[in-house]
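Enquirer: Okay, sequence plus prediction incoming.
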Amino acid sequence: MPQLRHLTVAGRAVLPDPIVTQDSIVMQNLQTLSNIRNFRCTMDIIKRVPNLKKLRICYFGEDRSAEWSYYCLHNVVRLPKLETLFLEVEDFLSLKNITFPTSLKKLTLMYCSIPWEEITVIGSLPNLEVLKLHYNAVKGPEWSQVEGQFLRLKVLGIWKSDLVRLESRKYALS
């Protein structure tokens, strides 16, 4: 398994917490980890997948009542090669305690119910080119963009949202 490059699970799988030993395998070649449910981004796991480029995770089901700190999403920033992140959350998610790696180029959020005011966390990502917001990923009828944000954004997709007005200094859409 140390040579594995891409792990995509049909459906959604829950990975058990790894047993920490001195002989723990570091998966240097793993680039894709997809369809993982209630994934815990502990430092031990982050150290085992140092070259991860694509991560698709979802949080829901019986463990969704756990505190967000349990899932250690603040450690996502410690994946310096991560370029694509797909995050599906069945419940409210605050971005206040998440720092994304600056290497991120594509971000998809689904069902997160994030207030538009918190999107500035994402807007400051220097390499972000694609942002997809699906099924009430962000909540609220109005989004007032902050100048100097989303400088490299090429694709913005918003699906199934209560957004009515997008406001920017350069343009306004209603």
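Expert: That came in fine, so what should we check first? Note that the structure is predicted; figures quoted are calculated from it, not measured.
Enquirer: Verify the stated contact: His134 with Tyr111.
Expert: Yes: His134 is in contact with Tyr111 according to C-beta atoms under 8 Å; the separation is 7.5 Å. For every residue, glycine as well, the C-beta is placed using N, CA and C.
Enquirer: Doesn't His74 lie inside a strand?
Expert: No: His74 is assigned helix when assessed by DSSP: H, G, I helix; E, B strand; the rest coil, not a strand.
Enquirer: how near is it to Leu52?
Expert: Taken as C-beta to C-beta, to the nearest Å, the spacing of His74 relative to Leu52 amounts to 16 Å.
Enquirer: And Val14, by the same measure?
Expert: In this view, Val14 and Leu52 are 18 Å apart by C-beta to C-beta.
Enquirer: Does Arg37 touch Phe60 like I think?
Expert: Yes: counting by C-beta under 8 Å, a contact exists between Arg37 and Phe60, whose distance comes to 7.3 Å.
Enquirer: Specify which residue of the two has the higher count of neighbours.
Expert: For Arg37 against Phe60, the residue with the higher neighbour count under other C-beta atoms under 10 Å is Arg37, and the figures read 17 against 14.
Enquirer: Show me the beta-bridge partners of that one.
Expert: Beta-bridge pairing for Arg37 (DSSP bridges): Cys58.
Enquirer: Give me the longest helix you can find in the protein.
Expert: Residue-count comparison of every helix in the chain, with assignments taken from DSSP state H, identifies helix 43-48 as the longest.
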